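K.L.:
Let's see this in three dimensions:
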Amino acid sequence: MGETVEGFRGPISLSKFEGGQSNPTFRIDAASGSYVLRRKPLGPVLPSAHAVDREFRVLSAMRTAGVPVARVRALCMDESVLGSIFYVMDYVEGRVFWDPRLPTLSTEERGAIFASMNDIIAQIHSLDPDSIGLTGFGRSEDYLKRQIARWTRQFDASRTGPNPAMDRLIDWLPAHVPPEHPARVVHGDYRLDNVLIHPTEPRIVAVLDWELSTIGNPIADFAYHMLSWRFAPELFRGMAGEDLAALGIPSERTYLDRYLGITGLKPPEDWDFYMILSMFRIASILQGIARRSADGSAADADAATVGAKAIPIAEMAWKLAEQRGG
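P.N.:
Residues are numbered from 1 along each chain as shown. Below is the predicted model:
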């Protein structure tokens with residue numbers, strides 16, 4: 001810290017943030033202020049996963065482009081320092097909400113937070129990657145096909161038991177790929193608990209967890225963000241079945257239309273495909289958590305419980321595929 005972080009003064013104290021299943025994250029409190037350290041998990045991890053170096057690069061670009069993110073300070077690729085690569089960024093004061101129903105807030109506050117989330121992901125998807133220093137950050141062609149292939153590989157590498165619905169989706173998805181949308185910067189895991197809300201105001205002050213970001217199809221990224229509308233609260237951080245109007249939360253259609261209006265993107269011809277792909281993807285991610293739990297390298301104590309949800313989510317995706325037909 002003394003060698004790489006401008007203005008740093010010790011001593012320091014270190015504490016681990018609770019929650020999350022991916023890269024272990026710590027708060028550093030020092031005489032010069034507070035910082036956040038994110039590192040790659042210790043031990044073996046899946047290929048291309050936990051890429052904190054890519055996260056560091058995209059955070060730098062997003063801050064330059066005016067997207068609300070924390071200021072990054074230093075990237076350490078020397079694994080001998082902490083046992084894995086890591087980076088340090090400024091600590092941003094804010095609130096994290098895990099329940100998208102936002103039960104502790106007013107109707108007006110809920111509406112404002114969802115509007116802020118929509119505005120910011122639309123801002124991200126409107127950026128030209130080349131103009132903000134992200135040339136070569138990802139391939140621009142065949143994003144959907146590559147996503148199917150990637151999450152199929154991740155799932156196969158993480159298998160801990162049978163999951164027939166995933167096997168069916170692995171066959172179904174490549175046969176139903178719709179035309180691509182223009183390639184943009186995509187966050188990869190944009191959801192309520194990956195943004196920081198201002199301490200007292202209903203607006204986002206920082207977007208977190210950029211490790212899955214790349215160049216890709218913005219509609220696919222937005223559909224993944226909208227899984228909360230499809231998942232029940234007890235399944236996975238969702239709000240399906242709730243009276244959204246009474247809560248002050250927009251419907252799925254209203255939220256999608258707002259986003260399309262801001263970005264000017266063409267409405268998706270096959271929205272169900274994007275939702276099925278999103279469910280397939282999160283099931284694969286959750287299977288990776290289940291595998292890390294089995295291997296003893298998971299970052300969170302609840303990893304086994306969370307990872308087990310890969311099966312019901314895959315079954316939900318397959319049911320939607322069957323209803324869609326074709």
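
K.L.:
could you pull out the helices for the stretch 151-300 of the chain?
P.N.:
164-172, 218-225, 233-236, 244-247, 252-263, 271-295 (DSSP state H, counting those that start in this stretch).

K.L.:
Now those in a markdown table, please, with extra columns for distance to Thr64.
P.N.:
Bear in mind the C-beta positions are built from the backbone N, C-alpha and C, glycine included. Output for these, formatted as a markdown table (distance: least, Cβ to Cβ, whole Å):
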| stretch | distance to Thr64 |
| --- | --- |
| helix 164-172 | 38 |
| helix 218-225 | 20 |
| helix 233-236 | 34 |
| helix 244-247 | 36 |
| helix 252-263 | 20 |
| helix 271-295 | 28 |
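
K.L.:
Would you format the ones you listed as CSV with distance to Asp189, mean pLDDT and mean neighbour count included?
P.N.:
Shown next, in CSV, are the helices of the stretch 151-300 of the chain (distance: least, Cβ to Cβ, whole Å; pLDDT from 0 to 100; neighbours: other Cβ atoms under 10 Å):
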stretch, distance to Asp189, mean pLDDT, mean neighbour count
helix 164-172, 20, 96, 18
helix 218-225, 7, 97, 25
helix 233-236, 13, 90, 14
helix 244-247, 23, 97, 14
helix 252-263, 17, 97, 16
helix 271-295, 8, 91, 23
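
K.L.:
which stretch among those comes nearest Ser84?
P.N.:
helix 271-295 (13.9 Å; Cβ to Cβ).

K.L.:
Give the rounded mean pLDDT of stretch 106-117.
P.N.:
Mean pLDDT, taken over the full extent of stretch 106-117, equals 98.

K.L.:
Looking at the helices of the stretch 151-300 of the chain, which is nearest to Asp99?
P.N.:
Using Cβ to Cβ as the criterion, the shortest distance between Asp99 and those is 7.1 Å, found for helix 233-236.

K.L.:
Ala31: which of the helices of the stretch 151-300 of the chain is closest?
P.N.:
That would be helix 271-295 among the helices of the stretch 151-300 of the chain, by Cβ to Cβ, at 35.9 Å.

K.L.:
Distance from the closest one to the middle of the chain?
P.N.:
Chain-centre distance of helix 271-295: 12 Å, with Cα atoms, centre = their mean, to the nearest Å.

K.L.:
If you count contacts, what does it end up packed against?
P.N.:
helix 143-158, helix 164-172, helix 218-225, helix 303-307, helix 310-324 (3 or more Cβ pairs under 8 Å, 6 or more residues apart in numbering; DSSP states H and E).

K.L.:
need those in a markdown table with distance to Ser32, can you?
P.N.:
Shown next, in a markdown table, are these (distance: least, Cβ to Cβ, whole Å):
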| stretch | distance to Ser32 |
| --- | --- |
| helix 143-158 | 39 |
| helix 164-172 | 48 |
| helix 218-225 | 35 |
| helix 303-307 | 34 |
| helix 310-324 | 43 |
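
K.L.:
For Leu265, find the nearest of those helices.
P.N.:
Taking these one by one with Cβ to Cβ, helix 218-225 is closest: 6.3 Å.

K.L.:
Next, the angle from that closest one to helix 271-295.
P.N.:
60 degrees (axes from the mean of the first three to the mean of the last three Cα atoms, to 10 degrees).

K.L.:
Which elements pack onto helix 218-225?
P.N.:
Under the contact criterion of 3+ Cβ pairs under 8 Å, 6+ apart, helix 218-225 touches helix 107-125, helix 143-158, strand 184-186, helix 252-263, helix 271-295.
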